[in-house]
Structures are given as structure tokens and as C-alpha cells.
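> After the sequence you'll find the predicted model.
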Amino acid sequence: DILTALKEHPDAWTRVDTILEYSQNQETKYYALQILEQVIQTRWKVLPRNQCEGIKKYIVGLIIKNSSDPVTMENNKVYLKKLNMILIQVLKREWPHNWETFISDIVGASKTNESLCQNNMVILKLLSEEVFVFSTGQLTQTKAKHLKDTMCSEFSQIFQLCQFVLENSQNAPLVDATLHTLLRF
């Protein structure tokens with residue numbers, strides 16, 4: 001099967017950006033994201049640093065592009081959900097040591113646009129779940145503790161963002177996402 005051969009090819013992940021840019025088929029895009037996710041999960045530590053940085057920036061760019069307006073976000077929700085999960089996989093490997101500013105970056109970006117903020121709340125909720133709920137067995141105890149400590153030390157920024165949204169937004173989906181995020185802390 002051609003798709004299996006593609007997925008198993010060691011350099012397949014280097015074609016993911018082309019597939020995502022030119023394919024109109026959501027299933028094909030999702031499959032390409034699975035290839036990228038597998039590389040992050042299995043080969044992240046052996047990739048050259050510049051490639052890790054490139055993947056990180058690329059994923060963040062795609063998330064912003066697909067969550068900056070409500071219509072695009074709704075039309076691409078399955079794709080965006082997968083992008084969010086891939087970002088969480090990157091964060092488990094990069095944050096906080098190689099991406100110290102992640103929480104302040106996401107909080108700052110959230111104040112620019114309600115759709116983006118709504119998706120960022122989903123990302124923060126997923127990160128919290130990954131750190132506090134699902135970390136057992138997936139991360140070393142030391143790494144899990146470090147992520148938990150970092151998350152707790154940066155919680156005030158997240159709480160202030162949640163408070164800002166709850167005090168200022170009339171956007172029901174955003175308020176809902178914010179409440180779900182708070183619930184995970």
C-alpha cells in the first residue's frame with residue numbers, strides 16, 4: 001500500500017509541508033500530520049536543532065492560520081485538533097528548557113483575536129491534561145515533575161488571561177473554552 005510505504009519512509013516527514021500546502025483533501029492532510037506526529041514522538045531528540053525549531057514554527061504558524069477566524073476554525077476543526085495535539089507533543093519535548101516563553105507567548109497572542117484565544121484555551125487545557133493527568137507512564141518522573149512545577153509557576157498568567165476573557169468577552173464558545181481550561185487546573 002502506497003500510504004504505508006510513505007509513512008514508513010524515514011524522510012517522509014520532510015514532505016509534510018508540501019502535502020499540507022497543496023492537498024485539498026482533509027484525509028490526506030490528516031495523514032500527513034500523523035507522519036509528522038510520529039517523527040516528533042520517535043525521532044525528536046535526534047533531529048538537528050534547526051529542524052526542531054523549523055517544525056515548531058511551522059506548527060505554530062498553521063495553528064494561527066487555522067484558528068484566526070471562526071469560519072476557518074469551524075471548517076478545519078478536525079485538522080486543527082490534530083495540529084493542537086502535535087503542538088502538545090512538541091511542548092512535552094521543548095517546554096520549558098527550549099521554549100521558556102511558551103506560556104507568555106500564548107497568553108499574549110490570545111489577546112489579539114477571540115478565535116485564536118478560543119483555540120489557545122484548548123491548547124492550554126490539553127497541556128494541563130497532558131502534564132497533570134496523562135503524564136504517568138509517558139514521561140519520566142523527573143520530566144513530569146518539572147512540567148508540573150513550571151505549569152504551576154506560570155499559572156498566574158493563565159489565570160489572568162482566563163479572568164480577562166470572562167470579564168470582557170460576550171463570545172459564548174470562547175467563554176466555554178475558557179471555563180473548560182480553568183476546570184483542568
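Yep, it's here. Residues are numbered from 1 along each chain as shown.
> shaky segments in the chain?
Within the chain, the stretches with pLDDT under 70 are 136-137.
> hey, where'd the strands end up in it?
When assigned using DSSP state E, the chain turns out to have no strands.
> quick one: contacts for the residue lying closest to Val165 once chain neighbours are set aside?
Leaving out its chain neighbours, the residue that sits closest to Val165 by CB to CB, 6 or more residues apart in numbering is Thr178, at 4.6 Å. (Each C-beta comes from the backbone N, C-alpha and C, glycine too.) Contact analysis of Thr178 by CB atoms under 8 Å, 6 or more residues apart in numbering lists 121, 162, 165-166, 169.
> now swap in Cys152 and tell me
By CB under 8 Å, 6+ apart, Cys152 lies in contact with nothing.
> and the gap between it and Gln24?
Cys152 is 43 Å from Gln24, where distance means CB to CB, to the nearest Å.
> next one: Tyr30
Distance of Tyr30 to Gln24, computed by CB to CB: 13 Å.
> more crowded one of the two?
Comparing Tyr30 with Gln24 by other CB atoms under 10 Å, the one with more neighbours is Tyr30, at 15 against 6.
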